[in-house]
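>>> Show me how the following folds:
(2 chains)
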There are 2 protein chains.
Amino acid sequence: MKLFDGGRAPNPRRVRIFLAEKGLSVPLTPVDMGAMEHRNEAVTSRNPLRRLPVLELDDGTVLTETVAICRYFEELHPEPALFGTGALGKALVEMWQRRMEFNLFLPVAQAFRHIHPAMKEWEVPQIPEWGEANKPKAVEFLHILDKELASREFIAGDSYTIADITGLVAVDFMKPARIQMPEDCTHVRRWHQAVSSRPSAAA
Amino acid sequence: MKLFDGGRAPNPRRVRIFLAEKGLSVPLTPVDMGAMEHRNEAVTSRNPLRRLPVLELDDGTVLTETVAICRYFEELHPEPALFGTGALGKALVEMWQRRMEFNLFLPVAQAFRHIHPAMKEWEVPQIPEWGEANKPKAVEFLHILDKELASREFIAGDSYTIADITGLVAVDFMKPARIQMPEDCTHVRRWHQAVSSRPSAAA
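Okay, here's the model as predicted:
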């Protein structure tokens, strides 16, 4: 198996952190997204959506979509459980994973893609007004999240899960997107410091 | 348990179709989204994000996010499997479910929310240019999907799954969003007719 990796981009990083938390090692095929290599034949023949990461299994089967790739490894290597355990536990992780994606990761990505000059070729047309409209959406959600994190250690409960990975990558992505962490989000700040200090954060 | 339902809105419909395919019946609490009732205390006290559907369990536990609610029922009632079976099968359903969401459901929803006059209070600020930019994204993906459906019956393989539910609801949502199904997407049209004729489509 090999993983077509996109370096510093947020989605490839999510998969690398996930693998690090599982203690798994998968051979990486680096793709230079800055040089638009994800639009080359090697990627587009495997993923017509021209996005990374892409996992290719030994029999040639291709898996794309960050969370689908993570779920594949979760099913093969259930411990530690990063998608939750039991019907309710799994549903709550899925709920928080999706809340982090739709209310933080996605708004931050939209702000970055529609405002940053380096994204001009990536996001056509760039609509700066839409980018700006996403910044308060992200900040509003951080305040909701802060109330939740007042009473528990991790985003979906007492254990580290994929929801924390999505959250960590989204918060780190706020810097290039020029969204500031609100001063009063003290619980989010505490959580971010904790997940950032895990060895997996460097993956 | 009770399900706070939002009538004709796309996400509540996804859960109702899922339950119908499972042969499950859950007591519904109707919420009139047209009258903005999802911003009332009954919903906001359960979901600070003020979105539907919301599932409340008998012990008061609240589950939100369409796919999380569906996964809860999948775990409790595994047959028929709507999230796939086996590590690779589950990962492929997740991949297609997410491709349908991010490349069809979401662009269609953005086109609707940013252009339709009825959405003025829902999407602030409405940015018609962003709504229009989403229409070709949806159409481009339909052409990619058409090539896939040339060689198989359902979106994620030979069985009906949650990816088909997301696809059906997204395609039906194209009408109010004023996006036309391309004439040459004959395989998507065949698939849409097939999934629309299942009894669950009326749920």
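>>> contacts, neighbours, all on C-alpha from now
Noted.
>>> So which residues on chain A come close to chain B?
Counting by C-alpha under 8 Å from any C-alpha of the partner chain, the residues of chain A close to chain B are A:48, A:63-65, A:67-69, A:71-73, A:75-76, A:86-88, A:90-92, A:94-95, A:98-99, A:125, A:127, A:129-130, A:133, A:144.
>>> and those residues, which of them are in helices?
Within those, residues falling in helices by DSSP state H are A:67-69, A:71-73, A:75-76, A:86-88, A:90-92, A:94-95, A:98-99, A:129-130, A:133, A:144.
>>> Separate out the buried members of these.
A:67-69, A:71-73, A:75, A:88, A:90-92, A:94-95, A:98-99, A:130, A:133 (16 or more other C-alpha atoms under 10 Å in any protein chain shown).
>>> Kindly report the domain assignment for chain A.
Here the domain parsing of chain A from automatic domain parsing is A:2-76, A:86-202.
>>> what about stretch A:47-57, how long is it end to end?
14 Å (C-alpha to C-alpha, to the nearest Å).
>>> And the strands in chain A?
A:2-5, A:28-30, A:54-56, A:62-64 (DSSP state E).
>>> Reformat those as JSON lines; add mean pLDDT and mean neighbour count.
Listed next are the strands of chain A as JSON lines, based on pLDDT from 0 to 100; neighbours: other C-alpha atoms under 10 Å in any protein chain shown:
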{"stretch": "strand A:2-5", "mean pLDDT": "96", "mean neighbour count": "21"}
{"stretch": "strand A:28-30", "mean pLDDT": "94", "mean neighbour count": "14"}
{"stretch": "strand A:54-56", "mean pLDDT": "98", "mean neighbour count": "21"}
{"stretch": "strand A:62-64", "mean pLDDT": "98", "mean neighbour count": "22"}
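>>> tell me the contacts of the closest residue to A:Val169 other than its chain neighbours?
Closest residue in space to A:Val169, ignoring its immediate chain neighbours: A:Pro10 at 6.1 Å, by C-alpha to C-alpha, 6 or more residues apart in numbering or on different chains. For A:Pro10, the contact set (C-alpha atoms under 8 Å, 6 or more residues apart in numbering or on different chains) comprises A:Val169, A:Ala170, A:Phe173.
>>> okay, those residues in TSV with pLDDT, distance to B:Val188 and neighbour count next?
Formatted as TSV, the contacts of A:Pro10 follow (pLDDT from 0 to 100; distance: C-alpha to C-alpha, whole Å; neighbours: other C-alpha atoms under 10 Å in any protein chain shown):
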residue	pLDDT	distance to B:Val188	neighbour count
A:Val169	98	35	21
A:Ala170	98	34	24
A:Phe173	98	36	19
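>>> quick one: contacts for A:Ala9?
Taking C-alpha under 8 Å, 6+ apart, one finds A:Met33 in contact with A:Ala9.
>>> what about A:Ile127, how many residues close to it?
Number of residues near A:Ile127 (other C-alpha atoms under 10 Å in any protein chain shown) recorded here: 19.
>>> nope, A:Phe154 is what I was after
Neighbours around A:Phe154, by other C-alpha under 10 Å: 20.
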